[in-house]
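In: attaching a predicted model along with its sequence, questions to come.
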Amino acid sequence: MIISALSGLLLLASSPAPDSPEHFFVGRTEGVGVAQVIMSGRHGVRDRSTGRIDAAGNLIFEQVVEEDGKPARRRSWRLTRLPGNRITGTISDAKGPVTGTVAGNVIHLRYRSVKGPSVQQWITLQPGGRTATNRMVFRHLGMRVGTLQGTIRRLD
């Protein structure tokens with residue numbers, strides 16, 4: 001039920017600036033976190049990801065997600081930065097579009113999981129540009145049903 005730590009997001013129409021949140025996700029990253037789910041308790045979540053910018057300026061992000069007690073799964077992200085610091089795109093295990101915004105060093109995404117809950121995610125790039133915090137909130141019928149707190153680390 002938990003969509004794990006996202007790691008991948010957005011991009012600029014041209015090459016991202018070295019200090020932009022988007023640049024963080026180009027190359028290899030890994031995430032580690034803890035999910036807290038109602039009636040399931042706490043469990044670890046890990047991901048390994050590779051991101052690149054395609055010729056059209058989209059961030060293409062491939063991710064392998066591992067949750068304690070579940071088989072590993074693959075996720076694919078395709079995200080585009082729009083005027084006004086808005087984001088749009090798709091995730092292979094989301095129902096409908098991904099939308100969001102970039103404000104300074106924070107990326108805020110919204111989407112619905114194919115398994116039901118709506119997801120809000122805040123990725124905050126930390127000083128130095130090598131790590132980011134990842135906070136996710138999962139809601140079903142307006143009730144919070146899960147959270148994820150984690151850290152994403154840039155490997156390249």
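Out: Great, that's in hand.

In: what's around Gly89, how many residues?
Out: 25 (other C-beta atoms under 10 Å). C-beta: built from backbone N, CA, C; applies to glycine.

In: residues in contact with the strand or helix carrying it?
Out: Gly89 belongs to strand 86-91 when assigned by DSSP states H and E. For strand 86-91, the surrounding residues in contact (C-beta atoms under 8 Å, 6 or more residues apart in numbering) are 3, 6, 9-10, 58-59, 75-82, 97-102, 107, 109, 111.

In: now, those residues that are in strands?
Out: Judged by DSSP state E, the subset of these located in strands is 59, 75-82, 98-102, 107, 109, 111.

In: drop anything exposed from the residues you listed.
Out: Burial by neighbour count, judged by 16 or more other C-beta atoms under 10 Å, picks out 59, 75, 77-81, 98, 100-102, 107, 109, 111 from these.

In: shaky segments in the protein?
Out: Scanning the chain for pLDDT under 70 picks out 1-20.

In: try 80 this time
Out: 1-23 (pLDDT under 80).

In: can you pull out the helices in it?
Out: Shown for the chain, the helices assigned by DSSP state H span residues 21-24.

In: hang on, Gly116 packs against Leu141?
Out: No - using C-beta atoms under 8 Å as the test, Gly116 is too far from Leu141 to be in contact (9.1 Å).

In: those two: who's more crowded?
Out: Gly116 (13 against 8).

In: how near is the more buried one to His140?
Out: 6 Å (C-beta to C-beta, to the nearest Å).

In: for Pro71, same thing?
Out: 23 Å.

In: so what's Gln120 bridging to?
Out: Beta bridges link Gln120 to Arg110, Val137 when assigned by DSSP bridges.

In: quick one: contacts for it?
Out: 108-110, 136-137, 139.

In: quick one on the thing from earlier: buried residues, the strand holding Gly89. List them.
Out: 87, 89, 91.
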